[in-house]
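Asker: Take this sequence and fold it.
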Amino acid sequence: MFKLKLQVGNLPSNRLALTNRIYVSQHNYEQVANFYAQHKVPPIDQGSKSYLVRLGDRPYAIEGHAQVENSQVALNGLQRRTAMLSLAHPITLTPYQPYPPPALAAVVFAVDLLVKPKGPSGGGKKHQKEIDTDRLASTVLMILEGQVLAVGQIMALDFEGTKVELSVKSAGVMELKKKKSKDKSAPPDASPQEGQLLQPTDITFTRAEGCNSITLEGDRVAEGGSSGQANNIFVSDFDFEKLGIGGLDQEFNQIFRRAFASRIWPSKIIKEMGITHVRGMLLYGAPGCGKTLIARQIGKALNAREPKIVNGPEILNKFVGGSEEKIRELFADAEKEQAEAGDNSMLHIIILDEMDAICKQRGSVKDGTGVSDSVVNQLLSKIDGVDSLNNILLIGMTNRKDMIDDALLRPGRLEVHVEIGLPDAKGRLQILNIHTRSMQQAKRITPEVLQRLPEIAEKSKNFSGAEIEGLVKAASSYALTRCVDLKDLKKAPDIKNLVLQYEDFERALNDIEPKFGAKSQELKAYYRNGFVPYGDTFDNLMSTLERLVEQVRSSDKTPLMSILLQGSASSGKTAIAAKLAVESGFPFVRMISADEMIGYSDVSKSTQIHKVFMDSYRSPLSLIFLDDIERLIEYVPIGPRFSNAVLQTLMILLKKIPADEGRKLLIIGTTSAGHLLEDLGLVQAFSVAQTVPLIAEGKDFYEVLRSAAHMSKEDAKAIARQIKKPIGIKQLLMVAEMAKQSSDDGSVNVNVFMECLHAAGY
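Answerer: I've put the predicted structure just below:
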């Protein structure tokens, strides 16, 4: 066994620094070769006749060179740095044991440039060198095959004219079953972190830590090594329900497909596809449906930087240029990381709430400062400017999508538009489970409530997520109050019996009125005295109306239906429409009447009507009740005069089909001046026009007086014989009530009834 005691020297040629070999004199090399020949150990490379030795604890291939002195071993700078050796430092070379060396199954090299680029950019994206890892692996095998590599070993390599620095980041050796040797003097096994590089070795690469000057491409990039590999952008164990988000499965599918699907693929594939990542999306919809919640919680589901959350008005600054500076600050971290890491930069999420406050249509704000326009311009330059970023996702939120500048909404900017609508029954059940989860875990809720949660979800039609949360709070308030002695508030609450019951939810449903729900109580007031069917004509009318309601509910080919009820005053048109609206069971029901818009200008009226129609398009089934249309358009026969702005608004909206598939709208209008509206073209705008008849026959008079006015058979028959002209049911019931007031026992005298009828103008 040889031991060569030598001193560290310089290499005779810079070319030799790129071989990862150490060099000795020819005399010293022959000593090594003779030793291995005696032990019948072949060289690792028949062409150069290199042998393996140990320099300290590091394995190296050794060769002889005529220009190296007998007392020296020539090392390159990286080898000296790895072994922490200086020139002329004494060192001992020993044989490599054990032999043969274990084969490397896999090795991961960290790659960096040997000569770092200079410049303030720090190796930004524009200065990055792309390295094909498949060709680099071939070069590594050609130069280093047969050498033993150890973890932490650093070497230099010439790759297609580029000097690169490789360091062994990790290594795995093939496991071979060996018999345990009983000879204690036998050489120890090689370190499990070193082995011989051979043709079958799986070679992969990753960027060296802090390296910003190269980009690795190809199929031999180690996991997480560079943009050449797929990115695991989502955390492994996220669950939307755990994040407190429910009822938005469809919306999340759309967000994932449009905004995140491309970020999962390797950047090489995205470049081959010729596309770029989505940089922005807009969440819009009704208040309380979860836009802000999605934006805030989505960061927890992603392997990304902590989201920056800013409310729109917070951007505004009283100093000149202050608002624009705040926009630039939002993107500063993303710009810095992209300059340093390029395609390896992590995703930066910027959440901009109340976006309509600062991103209004340019030129629409007449404050003389131009701040609003400058903010929009600054935002556009950062999202899609000359030096646009590829590592950002801007999430904007608004209730007023129509107010945002069009330039922000085009592809390449906020290109993904997702409407966060009202949850369906399945979504409402998810939200109820989320807000009662703590109660369920603490057993503060009865099994009956858990069993009937689907029933509660069904009863809470058109509730937004925030309103469902309010429903749970209202129900909890009843449970909390029940366990408190209101007569003695100093007494401790009954904590043991604090349990949420189903009755608490039933009472809470009366407390919480959804913004987009049906106003049933208001509509029931229009037929509070009962609803009396009278005559075959009336029965046929109601049958027709009910069929039309069912057609809207069940037919996929009827997204829009409009019905006009016309007839004389007091014929019961409003009561019929109100009853249809309540019994339809549609989740969204709104009544538009003139009394709600007294004092409104024409523009304000049109805006209010338009808002109701826009709200209706957010619900799967909606019903709008237009009462006294002639009053809405302010029609008077003298002149004639009417509001053309309101008329045109109604005529347009009556024919506007809901844009979203699956959304349906039923419109019911009433008028006492159908012949006048016909001249204006308004009657023709309705799909169906029906006439509400007056009561004209004696048997119909009798039926109404008996059922609604509760008269005796004799009185009802006597009065029915006296009435000779048709009369509206509303007027008939009013006269019957007037006649009852003159009697102490509530009976109706026929003569008194006729007098009251005459007094009522009949």
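
Asker: how about the closest residue to Ser687 other than its chain neighbours, what does it touch?
Answerer: Leaving aside its chain neighbours, Ser687 sits nearest to Ser562 (4.7 Å; criterion: CB to CB, 6 or more residues apart in numbering). (C-beta placed from N, C-alpha, C; glycine too.) For Ser562, the contact set (CB atoms under 8 Å, 6 or more residues apart in numbering) comprises Leu654, Leu666, Ile667, Ile668, Gly669, Ala685, Phe686, Ser687, Val688.

Asker: State the number of residues packed around the second one.
Answerer: Each residue near Leu666 was counted by other CB atoms under 10 Å, and the total is 26.

Asker: Surely it touches Met561?
Answerer: Yes: counting by CB atoms under 8 Å, Leu666 touches Met561, with 5.1 Å between them.

Asker: Please identify every residue contacting each of those two.
Answerer: Overlap of the contact sets of Leu666 and Met561 (by CB under 8 Å, 6+ apart) consists of Leu548, Val552.

Asker: What are the phi and psi values at Gln566?
Answerer: Main-chain torsions, Gln566, degrees, to the nearest 10: phi -120, psi 150.

Asker: quick one: it and Ile633, what's the gap?
Answerer: 15 Å (CB to CB, to the nearest Å).

Asker: quick revisit: mind checking what secondary structure the residue nearest to Ser687 has?
Answerer: strand (DSSP: H, G, I helix; E, B strand; the rest coil).

Asker: Quick check: the gap between it and Glu661.
Answerer: Applying CB to CB, the value for Ser562 to Glu661 is 20 Å.

Asker: go on, Val418?
Answerer: Counting by CB to CB, the gap from Val418 to Glu661 is 16 Å.

Asker: Thr671: what's it in contact with?
Answerer: Leu564, Leu565, Gln566, Lys573, Asp628, Ile629, Glu630, Leu677.

Asker: I misspoke; the intended subject was Met738.
Answerer: Residues in contact with Met738, defined by CB under 8 Å, 6+ apart, are Cys756, Ala759, Ala760.

Asker: and the next element down the chain from the helix or strand it falls within?
Answerer: Met738 belongs to helix 729-740 when elements are defined using DSSP states H and E. Downstream of helix 729-740, the first helix or strand assigned by DSSP H and E is helix 750-759.

Asker: Run through the neighbouring helices and strands of that next one.
Answerer: Contact partners of helix 750-759 among helices and strands, from 3 or more CB pairs under 8 Å, 6 or more residues apart in numbering; DSSP states H and E: helix 713-722, helix 729-740.

Asker: and the residue nearest to Arg135 when sequence neighbours are not counted, what are its phi and psi?
Answerer: Closest residue to Arg135 apart from its sequence neighbours, by CB to CB, 6+ apart: Glu160 at 7.1 Å. Reported as degrees, to the nearest 10, the phi and psi values for Glu160 are phi 50, psi 40.

Asker: just Gln690 next, same as before
Answerer: Main-chain dihedrals, Gln690, degrees, to the nearest 10: phi -130, psi 140.

Asker: on that earlier part again, looking at the contacts of Ser562, state which has the most neighbours.
Answerer: Result: Ile668 is most packed of these (other CB under 10 Å), 29 neighbours.

Asker: Fine by me, we can end here.
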